[in-house]
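Student: Predicted model and sequence follow; I will ask about them next.
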Amino acid sequence: MSDPALGLLMLALIVVVIMMGFATAFTLMGLGMFFGFIAFYDPAQSWTQNRVFDLMVQRTYGAMTNDVLISIPLFVLMGYVMERGALVDKMFYSIQLAFRRVPASLAVATLIVCTFWGIASGLVGAVVVLMGVIAFNPMLRAGYDVKLASGVITAGGTLGILIPPSVMIIVYAAVAGQSVVKLYAAAMFPGFFLSFLYLVYIVGWALIDPKIAPPLPEEQTRVKVPAWIRSFQAEYSPNMFVALLKALVSPAPAKKLEIDGKPMSYGAVLQNFAVALVPFLITAGTLAVVWWYVVIHQQAGAAGGPVEGLQQLGSSVAAPEATPAEQGPDFQFYLWFAISAGVLALWTARSYFRMDGERFEVLKLLTSSVMPLGILTVIVLAVILFGITTATESAAVGAAGAFILAFHARTLDWKRTKEAVFLTAKTTAMVCWLFVGSALFSAVFAILGGQALLEHWVLSLNMTPVQFMILSQAIIFVLGWPLEWTEIIIIFVPIFLPMLKHFNIDPILWGTLVFVNLQAAFLSPPVAMSAFYLKGVAPKHVTLNQIFAGMMPYMLIVIVCMIIMYLWPGMTLWLPNYLYGG
C-alpha cells in the first residue's frame, strides 16, 4: 500500500473511530503513533529507535509551549464562574419586562439573554441548560409553540461560541497561526448580525402567525412599581427624570417619604438620579469613544511617529506626504457620525420624555442586572480590540472581574468555586490533549503524503475561488452533522488551510465563515449537542424530534448569514482592517 493511501486510510479511520464513541484526543494520538510507526519503520534498527517517538515528544512540547493557548483556561474559568455566580434570573425578568410589548416577547428576551450571556461565558452547554431551566417552562405555560421555544434556546445558546471572547476562535488561531485579536474583530459583526437574523425570524413568525406566541396576560407584563415612586411622582412630577431633578434642588418633600422602610435621604435621591442618567451616559460614552479613537487617538499616534525632514546625505529633499491618520477621517465619517449622533439624541430625549414610574423601575432592574456584566464584557473586549492588552491578559481581567461580580452578588460560595475550577481544569486538559493529538496526527498525515495528495486533487479540479469556498464550507457543514466543532477545527480545518493561498482567500474571512458554519454543528442531528442539553432539562412531554424540528429553520438562517458574509466581505474584514491594517 502506498504512503498517500495510508494517509487517506488515516483520515477515514479517524471519522469512523470517533463516531464509534472513542475519545477524540487519544484516538488522534493512537492513530498517529500507529501509522507513524509504519511510516518511519526501518528493519535495520530496533523498534525502540523509531523516529515516531521523537516526533511525539516534539509535537507535545510544541503544543504545550503555544502562547495562544494560555488564554483558554482563563476565559473558560470566567465562563464557569459567571455560570455559577451571576444573576441570570433577574436579567431575564428585567429584559422580558423591557420588551413586553414586542411580539413573542418571551422568545425575544430569551434570545437577547442567550446572546448576552453567551458573550460573557462562551459556554454553549451552560447557556442552553440555564435558559432551558429559566425560560423554557414560562414560554410553554404562556402557550408558545414548542418548536419556537426550543429553537430560540438551542440556537441562541450557540452564539456564545461565535461572538468574542470565544474559545473556538482561540483554537482556530492556534491551528491556523492567525492573530487572535484580528479574528475577534472579524467575528464581532457577523456574530451580532446572526443574532439579529434570529430576532427578525422570531418576530416575523410571530407577526405572521400570532398563535405560536400568544400575548402574555396582564399580570405577567405589569411592572411592580414601589409605593415610594408613586408618592415621589405625586410630590414632584409624573415624569421621574423631572421629579428627580426637582428633588435635587428641593429635597425636603422627598425626605418625608420612605424607601425600603427608611426615610429617603439625599444620597438615595442622588443614587436614583444616577440610574436615570444611564441612557444618556451610555449614548454619550459610546459616541465619545468612537470620536476619540477615530479623530483624536489615530492622529495623536501619527504625531508621535518618526521626525520628518531627515533624509540620507546626498539625497534630494522630498516633500513630506500626509498620512491618512494625519489627514484625519474623511467627510463620510463626519456625516455618518452626525446622523448617528442625531438619531441617538432623539432616542435619548424620547426616553426621558416618556420616563414614568414603570419605565424608571424597568430601568433600575436593567441597570442592576445587566450593567455589571455588560461593563465587564465591554472592558474585556475593548482592551483586546484596542491593543491595550493581549488576549491572555484580557482573559485574566475577565476572570478576575467574574469573581468580583459573583462575590458582590453573594451567589458564589466555596463549593461553587471548587466546581468552577475543576470544570476549568477538565476543559483545559481536554483542549491541550486535543492539540497534542492533532499535532501528531497532522504531522504523520503530511509525512505519508495525504496532505499533498488532497491538495493535488483539489487543484486538479481547476476550481475558481468561489467554487473552492463553497466546496470547503459545504464539507465542513456536512462534517458538523456527526462531529463536534473541536474535532472539525483540529482535524479537518488544517487540511484546507494550505490551499487558501493558492485560491487567494483571506484566512481571516475563511475562518470567520467557518465559525458561523459551525453554529450549524450544534443544531444538526444526530449529534446536535444543543438539543440534548435542552432535552435534559425539558418537561417529559417535549420530545427530541420536536426540539430538532425547532432548530431546523435556524440552520437555514446560518446559511443565509454565510451567503451575505461572502457577498459583503466588508462586514467581516472592515473592523480588523481598520483597527490593525489590511
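Tutor: Cool, the structure landed.
Student: all contacts plus neighbour counts: C-alpha atoms, from now on.
Tutor: Noted.
Student: Span of stretch 518-529 from start to end?
Tutor: Start and end residues of stretch 518-529 are separated by 12 Å (C-alpha to C-alpha, to the nearest Å).
Student: I meant to write stretch 167-184 there.
Tutor: Taking C-alpha to C-alpha, stretch 167-184 runs 11 Å from one end to the other.
Student: Please point out which parts of it sit buried.
Tutor: Residues of stretch 167-184 classed as buried: 167-176, 178-184 (neighbour count, 16 or more other C-alpha atoms under 10 Å).
Student: Likewise for stretch 388-406?
Tutor: 389-403, 405-406.
Student: if I pick residue 381, what's in contact with it?
Tutor: Residue 381 makes contact with 164, 165, 394 under the criterion C-alpha atoms under 8 Å, 6 or more residues apart in numbering.
Student: With just CA atoms, put stretch 369-381 into PDB.
Tutor: Written as PDB, here are the backbone C-alpha positions of stretch 369-381 (Å, rounded to 0.1, in the frame of the first residue of the first chain):
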ATOM      1  CA  SER A 369     -28.900  43.100  36.400                       C
ATOM      2  CA  VAL A 370     -27.300  43.900  33.000                       C
ATOM      3  CA  MET A 371     -25.000  46.800  33.600                       C
ATOM      4  CA  PRO A 372     -22.300  45.000  35.800                       C
ATOM      5  CA  LEU A 373     -22.000  42.100  33.400                       C
ATOM      6  CA  GLY A 374     -22.200  44.500  30.400                       C
ATOM      7  CA  ILE A 375     -19.400  46.700  31.800                       C
ATOM      8  CA  LEU A 376     -17.100  43.600  32.400                       C
ATOM      9  CA  THR A 377     -17.800  42.300  28.800                       C
ATOM     10  CA  VAL A 378     -17.100  45.700  27.200                       C
ATOM     11  CA  ILE A 379     -13.900  46.100  29.200                       C
ATOM     12  CA  VAL A 380     -12.700  42.600  28.200                       C
ATOM     13  CA  LEU A 381     -13.300  43.100  24.500                       C
END
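Student: and stretch 476-490, how far out from the chain's middle?
Tutor: Between the centre of stretch 476-490 and the centre of its chain there are 19 Å (C-alpha atoms, centre = their mean, to the nearest Å).
Student: and if you look at stretch 66-82?
Tutor: Centroid separation for stretch 66-82 versus its chain: 14 Å, with C-alpha atoms, centre = their mean.
Student: So what touches that stretch?
Tutor: Counting by C-alpha under 8 Å, 6+ apart, 120-123, 165-167, 170-171, 173-174, 180, 391-393, 395-396, 398-400, 402-403, 406, 412, 417, 420-421, 423-425, 427-428 sit against stretch 66-82.
Student: Next, the buried residues of it.
Tutor: For stretch 66-82, by 16+ other C-alpha under 10 Å, it's 68-82.
Student: Inside helices: which ones of these?
Tutor: 71, 72, 73, 74, 75, 76, 77, 78, 79, 80, 81, 82 (DSSP state H).
Student: Can you tell me which of these is nearest residue 253?
Tutor: residue 82 (41.6 Å; C-alpha to C-alpha).
Student: mind checking how far that closest one is from residue 365?
Tutor: 19 Å.
Student: same question, residue 434
Tutor: Relative to residue 365, residue 434 is positioned 43 Å away (criterion: C-alpha to C-alpha).
Student: Give me the more crowded residue out of those two.
Tutor: residue 434 (24 against 20; other C-alpha atoms under 10 Å).
Student: dump the residue contacts of that one.
Tutor: If you count contacts by C-alpha under 8 Å, 6+ apart, residue 434 has them with 24, 25, 26, 28, 490.
Student: tell me the secondary structure for it?
Tutor: helix (DSSP: H, G, I helix; E, B strand; the rest coil).
Student: and it, what pLDDT?
Tutor: Looking at residue 434, its pLDDT reads 83.
Student: likewise residue 166?
Tutor: Predicted confidence (pLDDT) for residue 166: 82.
Student: So it is in contact with residue 122, correct?
Tutor: Yes - Residue 166 is within contact range of residue 122, at 5.6 Å (criterion: C-alpha atoms under 8 Å).
Student: Are there residues contacting both of those two? Which ones?
Tutor: 75, 160.
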